[in-house]
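> 3D, please:
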Amino acid sequence: MKQKDIEIAKSLKEKLSRVVQLIDFRVFGSRARGDEDEYSDMDVFLEVESLNKELKEMILDIVWEVGYENFIVISTLIFTRDEIEKSPLKASPIVKNIVEEGVRV
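Residues are numbered from 1 along each chain as shown. Below is the predicted model of the structure:
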């Protein structure tokens with residue numbers, strides 16, 4: 001990952017940590033692999049302890065603000081610990097890919 005992307009991800013994680021208990025935070029996709037272009041979004045995976053509608057809206061507002069401040073679109077996947085550990089989602093190819101190739105921040 002490029003240094004600028006690391007800085008953006010760290011800033012996002014710090015701001016999110018003020019409102020939600022993060023279990024895992026990873027950047028995945030082209031920016032994690034280093035093969036992005038100038039128009040690539042930043043794909044971010046969040047695993048949280050719990051999630052309700054209000055908290056999800058707060059998370060998405062923070063994600064949008066950080067993206068806006070840094071002139072980048074941030075696409076976010078948000079899952080709870082239970083969804084990752086106790087549902088069919090744990091066998092999902094996207095989750096497996098994120099765990100294997102995502103860059104933990």
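> what about the residue nearest to the spatial centre of the chain, which SS state?
Nearest to the mean C-alpha position of the chain, counting by CA atoms, centre = their mean, stands Val44 at 2.3 Å. At Val44 the chain is in strand, as set by DSSP: H, G, I helix; E, B strand; the rest coil.
> any idea how many residues pack against the nearest residue to it once chain neighbours are set aside?
Of all residues not flanking Val44 in the chain, Thr76 sits nearest, at 4.9 Å (CB to CB, 6 or more residues apart in numbering). Just so you know, the C-beta spots here come from the backbone N, C-alpha and C atoms, and that holds for glycine as well. For Thr76, the neighbour count with other CB atoms under 10 Å is 19.
> hang on, Thr76 packs against Ile62?
No - using CB atoms under 8 Å, Thr76 is not in contact with Ile62; the gap is 9.7 Å.
> for Gly67, which non-adjacent residue is closest in space?
Spatially, and ignoring its direct neighbours in sequence, Gly67 is nearest to Ile74 (4.1 Å; CB to CB, 6+ apart).
> let me see the contact set for Ile59.
By CB atoms under 8 Å, 6 or more residues apart in numbering, the contact list for Ile59 reads Leu16, Val19, Val20, Leu46, Val48, Thr76, Ile78.
> now name the helix or strand holding it.
Under the criterion of DSSP states H and E, Ile59 resides in helix 53-69.
> list the buried ones in that helix?
Residues of helix 53-69 classed as buried: Ile59, Ile62, Val63, Val66, Gly67 (neighbour count, 16 or more other CB atoms under 10 Å).
> let's see it as CSV, backbone CA atoms only.
Output in CSV follows, covering the C-alpha atoms of helix 53-69 (Å, rounded to 0.1, in the frame of the first residue of the first chain):
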residue,chain,number,x,y,z
LYS,A,53,-29.2,1.3,12.0
GLU,A,54,-28.0,4.4,13.8
LEU,A,55,-24.5,3.1,14.3
LYS,A,56,-24.3,2.1,10.7
GLU,A,57,-25.4,5.6,9.6
MET,A,58,-22.7,7.1,11.9
ILE,A,59,-20.0,4.8,10.4
LEU,A,60,-21.1,5.7,6.8
ASP,A,61,-21.0,9.4,7.6
ILE,A,62,-17.5,9.2,9.0
VAL,A,63,-16.4,7.1,6.0
TRP,A,64,-17.9,9.7,3.6
GLU,A,65,-16.2,12.6,5.5
VAL,A,66,-12.8,11.0,5.4
GLY,A,67,-13.2,10.2,1.8
TYR,A,68,-14.3,13.7,1.0
GLU,A,69,-11.4,15.3,2.9
